[in-house]
Structure formats: structure tokens, C-alpha cells
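> All I have is the shape, not the residue letters:
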């Protein structure tokens, strides 16, 4: 059985290494393409701005100038107070911070899980290369 496990580990590491190499190659090529698209975006945005147009129709397709707006919080303490005072919980995303939640639970082992929370555990395998 040890021989079979030896071969499984060897195959596992080889496949993982190949996937990593493939991912690095893809990411490098994808980064180049993203950079090219960003340059084209800037040229097309400049064209829209020059002629004060929100869209430009061409035979190959239509350029549409849009506005994207993102909000960033620079003071979480004040914002949390605002959310609580205005009962505006919908301004937050609904997800748990896994590390913080585990730490929270570790200090309350006798209380169990809070209402509405369930836990899913699964076994995983970790394979490490031999140390040199």
C-alpha cells in the first residue's frame, strides 16, 4: 500500500505543479490583454469626451460611455454607528468573516452557535513536497 500512496502523492504534486504553471501562464497573458483593453478604453473615452457623446455607433459595434460609482468607507466605527442609529443594516453585505467568527465562537464554547448560523465541516487532504 505504501508504494501506491507514494505514486499517488507523486502524481498529485505533478498535477498541482502543472496547474500552477498553467495558471501563471494564463494570468500573464490575461494581464497583457487587460492592459491592451485599458489602453483602448482610454482612447475611446477620449473620443467620446472630445465630441461630447455618450455613445458612438460604428460598423463594428457601439461605444457607450457609462458612469461607474463605488463607495468606500474610511471610518468604520462612525459608519457602524450610523447604520445602527438609522436601522440601515441593508447597507451592509450579508456574509460572515470566517476568521473573526471562529475567534468569536472560541470565546463562547458553552453557548453554541448563534441563531440562524449553521456549521459545515469537511475533511480535506493537504499534500506537501518533501523537505530538502
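Alright, I've got the coordinates. Computed from a prediction, not measured in an experiment: that's the story for all the values here. Residues are numbered from 1 along each chain as shown.

> shaky segments in this structure?
1-2 (pLDDT under 70).

> Which stretches in it count as helices?
All helices of the chain, identified by DSSP state H, fall at 2-50, 76-85, 98-106.

> now these as TSV including mean neighbour count and distance to residue 118?
All C-beta atoms are positioned from the backbone trio N, CA, C, and that covers glycine. Formatted as TSV, those follow (neighbours: other Cβ atoms under 10 Å; distance: least, Cβ to Cβ, whole Å):
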stretch	mean neighbour count	distance to residue 118
helix 2-50	10	31
helix 76-85	11	25
helix 98-106	10	12
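
> Out of these, which is closest to residue 66?
helix 2-50 (10.2 Å; Cβ to Cβ).

> Which other helices and strands does the closest one contact?
If you count contacts as 3 or more Cβ pairs under 8 Å, 6 or more residues apart in numbering; DSSP states H and E, helix 2-50 packs onto strand 55-57, strand 62-64.

> ok, now how distant is residue 112 from residue 118?
Taking Cβ to Cβ, to the nearest Å as the measure, residue 112 falls 11 Å from residue 118.

> next one: residue 128
From residue 128 to residue 118 the distance is 31 Å (Cβ to Cβ).

> Repeat that for residue 70.
On the measure of Cβ to Cβ, residue 70 and residue 118 end up 32 Å apart.

> measure residue 66 to residue 60 for me?
19 Å.

> Repeat that for residue 99.
In terms of Cβ to Cβ, residue 99 sits 48 Å off from residue 60.

> Give the burial count for residue 56, as a bare number.
Burial of residue 56 is recorded as 14 neighbouring residues (other Cβ atoms under 10 Å).

> my guess is it meets residue 46, correct?
No: under the criterion of Cβ atoms under 8 Å, residue 56 is not in contact with residue 46, lying 11.5 Å apart.

> neighbour count winner among residue 112 and residue 118?
Shown here are residue 112 and residue 118; by other Cβ under 10 Å, residue 112 has more neighbours (9 against 5).

> Good, wrapping up.
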